[in-house]
Every structure is written in C-alpha cells, then in structure tokens.
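Q: Below: sequence and its predicted model.
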Amino acid sequence: MAGLNVSIAFFFSVVALCEVTRWLSKNFFPPKVYLCLARELASSFQMCACCLELKMLMMIGPWGGGFGPDVSLTLLFVIFLVHGASFDGASANPTLSLQEFLMLDSSFVLTVAKLLAQFMGMGAAWSITKQYWSWELTDFHMIQNLIAQDCSSSLSTSVSQGIFVEATCSFFFQLVVLRFKASYPMYRIPVTALAVTILAYTAGPFTGAFFNPALASAVTFPCTGNSLLEYMQVYWLGPITGMLIALFAYQGNIPRLFQRNLIYSQKNKYRTPKGKVFPMWRSVETGKNREDQLFRINRENRLKEPGNGVL
C-alpha cells in the first residue's frame, strides 16, 4: 500500500506542476502561444506522465502489491476526471486536434503547432518519469527499472486486429466527444472519463486501448516485440481512421474536404401550407371589388325605399 500512496502523490505532483505551468503561461504568453503551445505541451506532459505511472501499477501491482484491476481502473477514471477539469480546453490527443482541423475549428498552422507541442510534452514526460523511476522510491519502481530494458509491447494480437481494435476504440471515443462537445463540463467530463475507462477495460488486453498517438508513443513504442512501422500502423493509423469514420458518421460529411451532407438530409425548419396560395395583391383587389359591389347593392335598395326616389 505504501507504493500505491507514493504513486498517488506522484499523480498529484504532476497535476500541480502542470497547473502552475498553465497558469504562468496564460498570464505571460500571448493567447495564441498559450492555446497552441504551452497549454497543449503541459496537458500532454500531464497525461503521458500519469499514464506511464499507471501502466507500471497495472503491470506490477497485481503480483507486487496485491491489488487487482479494480484499483487500476478506479485510478484511471479519477485521473481522467482530473484531466478533464484541469486541461483548460486542451485535447492532448493528436486525433482530437486533427478532428478540429477537419471541422474548420482550427487552421493548418495552429494544428501543426498543437501536434508538435503534444509530442514535445510526450517526450518530456517519458524522460522525467524515467528519471523518477530511477530513484527507486518504492519496490514497484525498483522492479520497473529491472524490467525496463525488456518491457513487453502492449500489442498482444496481430497488427491487422490491433488496427481494428484501436480504430474501434477511437470511433466510440470520438462519438462521445462530438456528442457532448457543447454540454456542460459537469456532464461532459464524467461521461468522457467513463468512456475511456470502459474502453480501457474492454480493449486493454489486446492493444492497451490508447487511441491516442502521442500517449501510445510514450507508453509502448520503446518496448520490444514489434517494429516501428507496426506500431505506427496500429497506434497512429488506427486511431486516425476511427476518428474519420466517427466524424463522417456524426456529421454526414467532413467539412474540410467536402460540404455536401451525404447521410442526413437537411429538412426545412418551416413547413409550407399545402393549400393554394394567392398573391396578396389579388386578395386585396378581390376584397375591394366585393366592398364596391356591396355598396352598390345597398345604394340601390335605399333608392327603392319610399321617399328616397328621384323626383
């Protein structure tokens, strides 16, 4: 239990450090620099560092600490709750940044800047977390240092099946993000964290269920067992493919590529009456003619009355 407490303290330290970095960057950097570089870099560092420590607990904890997957999944849910509350709008996920670009919410230059910041944050998280493990504050970290050189890949299935699993996870995750994008944070954050936890529980034994190219690059790319090309196909191509399918299924089109909606018909909000419609000038004219006709009839009737005749 002491090792778990040290890991929880590490989570809080990383979040606090990144929160201070975001606050300082927001107050001293121009808005575009903060939104595209500093915010994404700090959030990507926070996500990758926490997930590296969490993966270590998931690998060593069951036989080294005596706690099961329920503890790891609970920590995963809480970590993504904290991520959603502290990221200040950052995605820390290249597929989400590409989605914003395809939906015309971000320009090409800003998207490239976000991607660079995310991978820079990933690299920094890997280096600092590895240095933190070298201190061997717990038995978990000592064991992690012993097996670090021979870590096994998270991909425990074939490449084609791995691509399918990562694409499917990305598809459902992106649908959740799109569906709750405009919702209040008190609803959006727990739903997103729950979706990540469910996907990790379901698909984790096959690929690790990262559906985040930057996160996968930090967690599983350094491990042996597969080539770099195979890793890129599963953990980069798979999530991007799932994102494209989810965006097309939700929107009916991809705004950056084509505007026409190929799935959903655009119905008019106002319905046109089915009856025959006459021009207004004809209606006015008909009313005037009817009034003139009634006036003439009344005038003739008055003339026919006794005492109203013409002498």
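A: Arrived safely. From a predicted model like this one, the values you see are computed outputs, not experimental measurements.

Q: so how far is the helix or strand harbouring S160 off the chain centroid?
A: Following DSSP states H and E, one finds S160 within helix 159-179. Here helix 159-179 is found 12 Å from its chain centre; the criterion is C-alpha atoms, centre = their mean, to the nearest Å.

Q: after that helix comes which helix or strand?
A: helix 185-207.

Q: Only alpha carbons, please: show the following helix or strand past that following helix as PDB.
A: The helix or strand immediately downstream of helix 185-207 is helix 213-219, counting by DSSP H and E. C-alpha atoms of helix 213-219 as PDB (Å, rounded to 0.1, in the frame of the first residue of the first chain):
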ATOM      1  CA  PRO A 213      -0.900   8.500 -30.900                       C
ATOM      2  CA  ALA A 214       1.100  10.700 -28.500                       C
ATOM      3  CA  LEU A 215       0.300   8.600 -25.500                       C
ATOM      4  CA  ALA A 216       1.000   5.300 -27.300                       C
ATOM      5  CA  SER A 217       4.300   6.700 -28.400                       C
ATOM      6  CA  ALA A 218       5.300   7.200 -24.800                       C
ATOM      7  CA  VAL A 219       4.000   4.100 -23.300                       C
END
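
Q: Does anything pack onto helix 213-219? Which helices or strands?
A: Secondary-structure packing of helix 213-219 (3 or more C-beta pairs under 8 Å, 6 or more residues apart in numbering; DSSP states H and E): helix 39-64, helix 94-102, helix 108-134. Placement of C-beta: from N, CA and C, glycine included.

Q: hmm, back to that, could you tell me which residues within the helix holding S160 count as buried?
A: By neighbour count on 16 or more other C-beta atoms under 10 Å, the buried set for helix 159-179 is 159, 162-178.

Q: model confidence over it, on average?
A: Averaged across helix 159-179, pLDDT comes to 96.

Q: Against which helices or strands is that helix packed?
A: Other elements packing on helix 159-179 under the criterion 3+ C-beta pairs under 8 Å, 6+ apart are helix 94-102, helix 185-207, helix 238-251.

Q: Let's see that with 10 Å instead.
A: Under the contact criterion of 3 or more C-beta pairs under 10 Å, 6 or more residues apart in numbering; DSSP states H and E, helix 159-179 touches helix 94-102, helix 185-207, helix 213-219, helix 228-232, helix 238-251.

Q: residues contacting the nearest residue to F171 once chain neighbours are set aside?
A: Ranked by C-beta to C-beta, 6 or more residues apart in numbering and with sequence neighbours excluded, the top spatial neighbour of F171 is G242, at 3.9 Å. Going by C-beta atoms under 10 Å, 6 or more residues apart in numbering, G242 touches 95, 163-175, 211.

Q: If we use 6 Å, what do you get?
A: Contacts for G242 were tallied using C-beta atoms under 6 Å, 6 or more residues apart in numbering; they are 167, 170-171.

Q: and which of those is nearest W63?
A: Checking the contacts of G242 against W63 with C-beta to C-beta, the nearest one is S170 at 31.1 Å.

Q: what separates the closest one from T207, distance-wise?
A: 11 Å (C-beta to C-beta, to the nearest Å).

Q: And stretch 229-242, end to end?
A: 19 Å (C-alpha to C-alpha, to the nearest Å).

Q: From the chain's centroid, how far away is that stretch?
A: 17 Å.

Q: Which residues belonging to it are considered buried?
A: Across stretch 229-242, burial judged by 16+ other C-beta under 10 Å covers 230-236, 238-242.

Q: quick one: what helix or strand has D70 in it?
A: helix 69-86.

Q: What is that helix packed up against?
A: Counting contacts by 3 or more C-beta pairs under 6 Å, 6 or more residues apart in numbering; DSSP states H and E, helix 69-86 packs against helix 39-64, helix 185-207.

Q: could those helices go into TSV alongside mean neighbour count, distance to S134 and mean pLDDT?
A: Compiled in TSV, the helices and strands packed on helix 69-86 are given as follows (neighbours: other C-beta atoms under 10 Å; distance: least, C-beta to C-beta, whole Å; pLDDT from 0 to 100):
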stretch	mean neighbour count	distance to S134	mean pLDDT
helix 39-64	23	13	91
helix 185-207	17	27	95
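
Q: need the ones you listed in a markdown table with distance to L24, can you?
A: Putting the helices and strands packed on helix 69-86 into a markdown table (distance: least, C-beta to C-beta, whole Å) gives the following:
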| stretch | distance to L24 |
| --- | --- |
| helix 39-64 | 10 |
| helix 185-207 | 23 |
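
Q: closest one to W135 among those?
A: Among these, helix 39-64 comes nearest to W135, with 12.9 Å by C-beta to C-beta.

Q: could you give the angle of that closest one to helix 108-134?
A: 30 degrees (axes from the mean of the first three to the mean of the last three C-alpha atoms, to 10 degrees).
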